[in-house]
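Novice: My questions concern the predicted model and sequence given below.
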Amino acid sequence: MTPPLPIVAVVGPTATGKSDLGVALAHAVGGEVVNADASQLYRGMDIGTAKLTPAERQGVPHHLLDVLDVRDEASVAAYQRDARAAIADVRGRGNVPILVGGSGLYVRAALDDLRIPPTDPVVRARWEERLAAVGPEALHRQLAAADPGAAGQIHPTNGRRIVRALEVIELTGEPFSATMPVREFVAPAVLVGLRIDRPTLRARITARIDRMWRAGLLEEVRELDRCGLREGRTASRAIGYAQALQQLDGILSEQQAKDETAALTRKFAKRQRSWFRPDPRIHWLPHDTEDLLEQSLTIVRGAGTPSRR
């Protein structure tokens, strides 16, 4: 009997075509897509997240899209639970789970041996106040004094992750680095990464943002605002949505909102590169190679069902 194909994950920076490749792979291997993009968890956040439309999904089942209200706060722990349940359901139907997205920690939470540390809103709020007062780099120096291992793996400008690390240290009395994921699959998996050069990515990001505004992002955000977008800690801070809210409030012009969204998206793509680059398990392919699907299938089919690494 032919062994089942491993779980497939399509990863890489934003705007590289991960969603389209996920659909193509699903058609080729009998797969179903499991979303690993944190912003695409939210109902109504479609244009600004480049979420595939039902037509673009081409009949391929997609899981963990539109599962949160914009008032809800996304969490890695909840995502890990739901993603693993979705993967098990896909397997139960005899199909191949195809994880698609650029939220690196979410991918690791779904696939790797990752222990989710506790959280406390009061403690986190206190550290967020400290972040607002002194800035991320000063807080990063504080983290480096408490946990050099964690500081070495968290960028000095990533305030959200710095706050999370300090929160965990305070709650557990242990280094945050002790809870960081190890590269050890909990089930056989293969990672396909899409590689792109920076000038091309920059152009694609600019073009995508222009399309988003033309497609009605402002109207989407106006409707979400009526549904409580500003009440959501996670959704309201999403790149593009925060800037569109500022445009609606008259704080930014349309061009300023688009320019800020582009700048933040480029920074996000840089962080994605930094997250995925050190992982030796990723098979990198040029995003625009003519035989992308064929090369991806060769990797997937050649992966077999390796034991836990």
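Specialist: Everything's here; your move. Residues are numbered from 1 along each chain as shown.

Novice: from here on, contacts and neighbour counts on C-alpha atoms
Specialist: Will do.

Novice: For the stretch 1-150 of the chain, give me the ranges with low pLDDT.
Specialist: 1-2 (pLDDT under 70).

Novice: What are the boundaries of the strands in this protein?
Specialist: Using DSSP state E, the strands found in the chain span residues 7-11, 31-35, 62-63, 96-100, 189-195, 282-286.

Novice: Which among these is found nearest to R233?
Specialist: strand 31-35 (20.6 Å; C-alpha to C-alpha).

Novice: before we move on, back to that, would you mind giving the strands of the chain as CSV with mean neighbour count added?
Specialist: What follows is the strands of the chain, written out as CSV (neighbours: other C-alpha atoms under 10 Å):
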stretch, mean neighbour count
strand 7-11, 26
strand 31-35, 27
strand 62-63, 20
strand 96-100, 27
strand 189-195, 23
strand 282-286, 17
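
Novice: Turn the ones you listed into JSON lines, columns for distance to R71.
Specialist: Converted to JSON lines, those look like this (distance: least, C-alpha to C-alpha, whole Å):
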{"stretch": "strand 7-11", "distance to R71": "27"}
{"stretch": "strand 31-35", "distance to R71": "20"}
{"stretch": "strand 62-63", "distance to R71": "20"}
{"stretch": "strand 96-100", "distance to R71": "24"}
{"stretch": "strand 189-195", "distance to R71": "32"}
{"stretch": "strand 282-286", "distance to R71": "34"}
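
Novice: all helices for the stretch 101-250 of the chain, in order.
Specialist: For the stretch 101-250 of the chain, helices defined by DSSP state H, counting those that start in this stretch occupy the ranges 104-111, 121-134, 136-146, 148-153, 159-172, 198-214, 217-226, 241-248.

Novice: Out of the strands of the chain, flag the one nearest N158.
Specialist: Closest to N158 of the strands of the chain is strand 7-11 (C-alpha to C-alpha; 20.4 Å).

Novice: quick one: strands adjacent to the closest one?
Specialist: strand 96-100 (parallel), strand 189-195 (parallel) (DSSP bridges).

Novice: number of nearby residues for S103?
Specialist: 20 (other C-alpha atoms under 10 Å).
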